[in-house]
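Participant: coords below, sequence missing:
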């Protein structure tokens, strides 16, 4: 059985469906015989752009607060590099925020 990973992506609501569609084209967002499988939910966050940054939103040297979405997908290991390329192409932030988490479901199924 292939080991799967969860990728969490923090992104604006208007890009959620585009991100899911594009990630699905490279084979991510797949669970068994289902494609375009994803979960997303609204979250609140904060960030402080430093003087040398080029923020997509927010004021430099000030803690900014805002709403974004956390998108969660599953991905096989051999698709992670392609998925990261897609995330970086679509994501508007100077530093796209995403987490790759190894799942261990295969140990219990």
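Facilitator: Good, I have the coordinates. These figures come from a predicted structure and were not determined experimentally.
Participant: for the residue nearest to residue 36 when sequence neighbours are not counted, helix, strand, or coil?
Facilitator: Leaving aside its chain neighbours, residue 36 sits nearest to residue 24 (4.8 Å; criterion: Cβ to Cβ, 6 or more residues apart in numbering). For glycine as for every other residue, the C-beta is placed from the backbone atoms N, C-alpha and C. Put simply, residue 24 is helix when judged by DSSP: H, G, I helix; E, B strand; the rest coil.
Participant: do you know how far residue 24 is from residue 87?
Facilitator: 13 Å (Cβ to Cβ, to the nearest Å).
Participant: neighbour count winner among those two?
Facilitator: Counted by other Cβ atoms under 10 Å, residue 24 and residue 87 do not tie: residue 87 has more neighbours, with 20 against 17.
Participant: The more buried one sits in which helix or strand?
Facilitator: helix 80-90 (DSSP states H and E).
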